[in-house]
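**Student:** mind folding the following:
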Amino acid sequence: MPVYMCRWPNGDFSVVKARNKDEAIEFLDEVDNAEGCPLLALEDFMAHFRLTDNGEFKQDSRLFGEDTQNQILRLGYPVLDKAFHDALVTSTDGFGGYTEKGQKQIRLAVAMERERVSAREVKGPKTLLGSKIKRMMDAPSKMIDKIVESEAMKKLEKCKGKGKPH
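**Tutor:** Modelled structure (predicted):
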């Protein structure tokens, strides 16, 4: 089953495992309506969380595997990815951190990434009832269409016509 990354317009991203993009959008509705947001399939994914003494899961400082981090930057954050590659490090071994100029480049890239992506227009629900529900709930249109269709089928099954069918 594929793993998808949803790139939210504010710069955040979510990762979800789903059979297809439509199902991923339904799962992501717990966060927000992902319709119109870029949804990218990740080839590799690894995340690490630490169990605290209080029984909570915390993001480890090495949250993602190296391949996952590189893939997320390359696919979802190309401006930031370039800034990381272009930023200068303070030591010759490459592990000293970024220079002040490099840190400014990275902060500028973050600001650009937060403005770079916007949700695209999507088709609305197929019915007037679905459109009304969407305005109230801001749920994905395909999810609303499935619910309306399912409820309509239940109602139709309860209807019994009189006489012989023509």
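**Student:** what pLDDT does residue 96 get?
**Tutor:** Listed pLDDT for residue 96 reads 68.
**Student:** how about stretch 68-86: buried residues?
**Tutor:** 68, 71-73, 75-77, 80-81, 83 (16 or more other Cβ atoms under 10 Å). C-beta: built from backbone N, CA, C; applies to glycine.
**Student:** do me a favour and get the end-to-end distance for that stretch?
**Tutor:** By Cα to Cα, to the nearest Å, the extent of stretch 68-86 from end to end equals 20 Å.
**Student:** what about the residue lying closest to residue 41 once chain neighbours are set aside, how many residues nearby?
**Tutor:** What sits nearest to residue 41 in space, not counting adjacent residues and going by Cβ to Cβ, 6 or more residues apart in numbering, is residue 2, at 5.0 Å. Number of residues near residue 2 (other Cβ atoms under 10 Å) recorded here: 15.
**Student:** domains of the chain?
**Tutor:** Here the domain parsing of the chain from automatic domain parsing is 3-116, 128-158.
**Student:** now do the shortest one, average pLDDT.
**Tutor:** By that I understand domain 128-158. pLDDT averaged over domain 128-158 gives 86.
**Student:** so residue 83 lies in a strand, does it not?
**Tutor:** No: the assignment for residue 83, made by DSSP: H, G, I helix; E, B strand; the rest coil, is helix rather than a strand.
**Student:** surely it touches residue 104?
**Tutor:** No: at 9.6 Å, residue 83 does not count as touching residue 104 under the criterion of Cβ atoms under 8 Å.
**Student:** may I have the lengthiest strand in the chain exported as CSV, CA atoms only?
**Tutor:** When the chain is parsed with DSSP state E, its longest strand is strand 57-64. Below are the C-alpha coordinates for strand 57-64, written out as CSV (Å, rounded to 0.1, in the frame of the first residue of the first chain):
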residue,chain,number,x,y,z
PHE,A,57,5.4,9.4,21.9
LYS,A,58,7.8,12.3,21.1
GLN,A,59,9.5,13.0,17.8
ASP,A,60,13.1,12.1,18.1
SER,A,61,15.7,14.6,16.8
ARG,A,62,16.4,12.1,14.1
LEU,A,63,12.7,11.9,13.2
PHE,A,64,13.1,10.7,9.6
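**Student:** for residue 40, list each beta-bridge partner.
**Tutor:** residue 5 (DSSP bridges).
**Student:** ok, it - contacts?
**Tutor:** 4-5, 7, 75-76 (Cβ atoms under 8 Å, 6 or more residues apart in numbering).
**Student:** can you check residue 122 too?
**Tutor:** 35-36, 141.
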